[in-house]
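Colleague: what shape does this take:
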Amino acid sequence: MTVNYKMLTLAREARGYTQKELTNAISMQSQGNYSRMEKGILPIPTELIKQIAEELKFPESFFYREEPLVSQAEYFYRKKASMPKKELYKLEATFDLIRMWFNSLLKEVDLPEFKFPEVSTRNGQTPEIIAQKTRAFINAPKGPLDDLIRIFEKNGVIVYFLPNAPETFDGTTIITESNQKVLVVNAEMPNYRKRFTIAHELGHMVMHIPFGSYIEEVIDVENEANRFASEFLMPENEIRRDLLYITYGKLSDLKQYWKASKSSLIVRANALGTIHKGKYINMLNELSRFDERRVEKSDVYLDEPALFKKIIKVFNTDMGYTLEELYEVLGLDKEDFERFIIGNDIRVKRLRISI
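Modeller: Residues are numbered from 1 along each chain as shown. Have a look, this model is predicted:
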C-alpha cells in the first residue's frame, strides 16, 4: 500500500499541530523535507508514519486511506469572524474526518433520502415564504416544533453533535459521497442555540447549497438563513399574538413554550413590529442587567440525535463488527471512537457497544 500524503495534513491539522510543532515532537530535523512530504514531492518512510501515527494518535492504516477531501468553502457554516486561523484549520480538518466516517458507514446502510424542498430566493420568494412552505411540506404541527431533531432525521438529515468544539463554531452541513446531509452542531452550546443553528442550517440546505456556493457573492446567505430559521421556528402567524404587549417578565414562559432564547424572542418581536425600537433596546438592556445577554440562565427542551447511534448499532449488533473492526472502518483509535462516536457520557464496557 502507498501512503496518501494528503492524510498527513489532515491528521496534523485535526490535532491542531503546525508543521514545526509536529517535526519538533517527532524529532525530525528538517521541516522543509516534511513539508515536501505533505505535498507529495518526497516519499514518506514507513518508520516516519509510525512516529506520526503515535504522536497524533491515529491508527497507521489511517495514512493509507484513499479519501476524496472536499474544500469546506463549498458549503456554509456558522462561525464567528474572530476564530483564529489555527483553530479554523483544526475545525475544517474535523469536518473532513466526519465526512470520512459517514462515507465509510453509509456504504453499508440505507437511510431516508433528503425530503426537504429545495427553493432558491433568486426567483423572488423570501426566506420567510420558503420557511412557511417547508413547514407545510413536512406537515409540521402548528406552534413550536417539539421534537426538532426527529423531524430532521425522519426527513433524511443526520444530526451530529460535535464534542469539544470551539466556542466560535455553531454548526455546518456536510455532504457525503452518497449526497447524504450531515448537520454538525456544536455539542457544547445550550439547546436554544442548538435549535436556532439547526434551523439556520436547514435554511442553507433548502435555499443555498443546491444552487452553488457562487450565490454567496450576490446575496447575504447568513441573513437569509437567519430569517428562514426565525420563521421556521417562530412562524409569524402563530407567534405574533404572543409578542403583542410583550414584557421582560413574560419572556421566561414564552421561552419555554417556543423553545427559543429570550434574545431571539426580543429580536423576533422587533422584526414583526410588535414592539417599538425604544422598547427593543430596553429589553436587550434588561437581558444585560440580568446577566443573560451572552448566556441565558435557563435552557429549553431539545430531543437527542438518534440516527447516528442506530447506524453504529447496526454495524455492531446486526452485522457483528467488533470494536477493533469499527476503529479500522472509521480510521480512529479507541479514545477518539469513544469521544466522537459513542459520546463522552457512554462508555464501552465489553466488546459490544452499549447504546
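
Colleague: got the domain ranges for the protein?
Modeller: Under the assignment named as automatic domain parsing, the residue ranges that make up the domains of the chain are 1-66, 70-233, 236-289, 307-342.

Colleague: isn't residue 299 right next to residue 193, touching?
Modeller: No: look at residue 299 against residue 193 with C-beta atoms under 8 Å: they stay out of range, at 9.4 Å. Just so you know, the C-beta spots here come from the backbone N, C-alpha and C atoms, and that holds for glycine as well.

Colleague: neighbour count for the two, which is higher?
Modeller: Set residue 299 next to residue 193 and count neighbours by other C-beta atoms under 10 Å: residue 193 wins out with 23 against 17.

Colleague: wasn't that one part of a helix?
Modeller: Yes: counting by DSSP: H, G, I helix; E, B strand; the rest coil, residue 193 is located in a helix.

Colleague: which of the helices or strands spans residue 134?
Modeller: Assigned by DSSP states H and E, residue 134 belongs to helix 127-137.

Colleague: residues in contact with that helix: which ones?
Modeller: Contacting residues not belonging to helix 127-137 are listed as 115-117, 119, 121, 202-203, 206-207, 224-225, 227-232, 235-236 [C-beta atoms under 8 Å, 6 or more residues apart in numbering].

Colleague: next secondary structure after that helix?
Modeller: As assigned by DSSP H and E, the chain's next helix or strand after helix 127-137 is helix 148-154.

Colleague: buried members of the contacts of helix 127-137 into PyMOL, please.
Modeller: Only the buried entries of the contacts of helix 127-137 go into this PyMOL selection, using 16 or more other C-beta atoms under 10 Å:
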select buried, resi 116+119+121+202+203+206+207+224+225+227+228+229+230+231+232+235
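
Colleague: residue ranges with poor pLDDT in this structure?
Modeller: Scanning the chain for pLDDT under 70 picks out the ranges 68-81, 213-218, 344-355.

Colleague: which stretches in it count as strands?
Modeller: 77-79, 157-162, 169-175, 181-186 (DSSP state E).

Colleague: same list (those) but as a markdown table, adding mean neighbour count and distance to residue 307.
Modeller: Listed next are the strands of the chain as a markdown table, based on neighbours: other C-beta atoms under 10 Å; distance: least, C-beta to C-beta, whole Å:
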| stretch | mean neighbour count | distance to residue 307 |
| --- | --- | --- |
| strand 77-79 | 19 | 20 |
| strand 157-162 | 22 | 5 |
| strand 169-175 | 22 | 14 |
| strand 181-186 | 23 | 10 |
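
Colleague: where's the residue nearest to residue 290 when sequence neighbours are not counted relative to residue 250, distance?
Modeller: Leaving aside its sequence neighbours, residue 290 sits nearest to residue 297 (C-beta to C-beta, 6 or more residues apart in numbering; 7.8 Å). Using C-beta to C-beta, to the nearest Å, residue 297 is found at 16 Å from residue 250.

Colleague: comparing the two, which residue is more hemmed in?
Modeller: residue 250 (13 against 10).

Colleague: you'd agree residue 99 is up against residue 173?
Modeller: No: contact criterion C-beta under 8 Å: residue 99 and residue 173 do not qualify, at 11.0 Å.

Colleague: now the common contact residues for these two.
Modeller: Jointly contacting residue 99 and residue 173 under the rule C-beta under 8 Å, 6+ apart are residue 182.

Colleague: on that earlier part again, hey, C-alpha coordinates of the helix holding residue 134 in PDB?
Modeller: The C-alpha coordinates for helix 127-137 follow below in PDB (Å, rounded to 0.1, in the frame of the first residue of the first chain):
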ATOM      1  CA  PRO A 127     -36.800  33.200   3.200                       C
ATOM      2  CA  GLU A 128     -40.000  33.600   5.200                       C
ATOM      3  CA  ILE A 129     -42.200  32.300   2.400                       C
ATOM      4  CA  ILE A 130     -39.800  29.400   1.800                       C
ATOM      5  CA  ALA A 131     -39.800  28.600   5.600                       C
ATOM      6  CA  GLN A 132     -43.600  28.600   5.600                       C
ATOM      7  CA  LYS A 133     -43.600  26.200   2.500                       C
ATOM      8  CA  THR A 134     -41.100  24.000   4.200                       C
ATOM      9  CA  ARG A 135     -43.200  23.600   7.300                       C
ATOM     10  CA  ALA A 136     -46.200  22.800   5.200                       C
ATOM     11  CA  PHE A 137     -44.300  20.300   3.100                       C
END
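
Colleague: returning to what we had before: so which of the strands of the chain is nearest residue 37?
Modeller: Nearest of the strands of the chain to residue 37, taken as C-beta to C-beta: strand 169-175 at 27.5 Å.

Colleague: for the chain, longest helix please?
Modeller: Criterion DSSP state H: the longest helix present in the chain is helix 85-105.

Colleague: need the contact list for residue 146.
Modeller: Residue 146 sits next to 259, 301, 303 when contact means C-beta under 8 Å, 6+ apart.

Colleague: just give the closest residue to residue 270, not the sequence neighbours.
Modeller: residue 280 (4.2 Å).

Colleague: thinking the one you found is in contact with residue 268, fair?
Modeller: No: if you go by C-beta under 8 Å, residue 280 and residue 268 don't touch, sitting 10.5 Å apart.

Colleague: these two - which one has more neighbours?
Modeller: Set side by side, residue 280 and residue 268 show more neighbours around residue 268, with 24 against 16, by other C-beta under 10 Å.
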